[in-house]
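[1] Here is a sequence together with a model predicted from it:
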Amino acid sequence: MNFMSNVRLSKMSKKQLISKRGKWEVILHNDSHNTFDHVIDCLMEICGHSYIQSVQCATVVHGSTKCSIYIDSFDDCESVRHELKLLGLTATVSKYKSYV
């Protein structure tokens, strides 16, 4: 955890800190300016997806406007979202909801 993360955490209330517990997910959103190849490369590089998994996620995003691409702690998901944003992709972080 870097210095700025520690500063942010120290300013958060106990309720806010507790709400960050548990599983979170990064949702990738469709856009009209990134190519399939760019999205696939980003998912492999940032999320550690295989080529096949990246193609599947890119296809789902294209067809349904969004896809869950990464599940982990809040801090890790926020880091992934930030890296994807730097590469031009649109992603959000939300609390993970299991549908099983």
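    Received it, and whenever you're ready, just let me know what you need. Everything quoted here is computed from the prediction, not taken from an experiment.
[2] Point out where the protein drops to low pLDDT.
    Residues of the chain meeting the criterion pLDDT under 70: 1-20, 99-100.
[3] where exactly do the strands run in it?
    Per DSSP state E, the chain carries strands over the ranges 24-29, 66-72, 90-95.
[4] contacting residues around the second one?
    Translated: strand 66-72. Residues from elsewhere that reach strand 66-72, judged by CB atoms under 8 Å, 6 or more residues apart in numbering: 23-30, 43, 47, 49, 57, 60-61, 76-77, 80, 91, 96. C-beta: built from backbone N, CA, C; applies to glycine.
[5] Out of the strands of the chain, which is the most enclosed?
    When those are scored by mean count of other CB atoms under 10 Å, the highest mean neighbour count falls to strand 24-29 (a mean of 20).
[6] and the angle for that one with strand 90-95?
    Strand 24-29 runs at 150 degrees relative to strand 90-95, counting by axes from the mean of the first three to the mean of the last three CA atoms, to 10 degrees.
[7] Check the offset of strand 24-29 from the chain's centre.
    Strand 24-29 sits 4 Å away from the centroid of its parent chain (CA atoms, centre = their mean, to the nearest Å).
[8] Need the contact partners of it.
    Outside strand 24-29, the residues that touch it by CB under 8 Å, 6+ apart are 39, 43, 47, 57, 61, 65-74, 76-78, 80-81, 84, 89-96.
[9] now the angle between strand 66-72 and it, please.
    150 degrees.
[10] Distance of M44 relative to V93?
    Distance of M44 to V93, given as CB to CB, to the nearest Å: 20 Å.
[11] can you check N30 too?
    Distance from N30 to V93, counting by CB to CB: 17 Å.
[12] Name the nearest residue to Y96, ignoring sequence neighbours.
    The shortest distance from Y96 to any non-neighbouring residue, by CB to CB, 6 or more residues apart in numbering, is to K23 (3.8 Å).
[13] whoops, D41 was the one
    Distances taken as CB to CB, 6+ apart place S54 nearest to D41, at 7.8 Å, with adjacent residues excluded.
[14] State the distance from the most centrally placed residue in the chain to K66.
    The centroid of the chain falls nearest to V26 when counting by CA atoms, centre = their mean (2.6 Å). Distance of V26 to K66, given as CB to CB: 11 Å.
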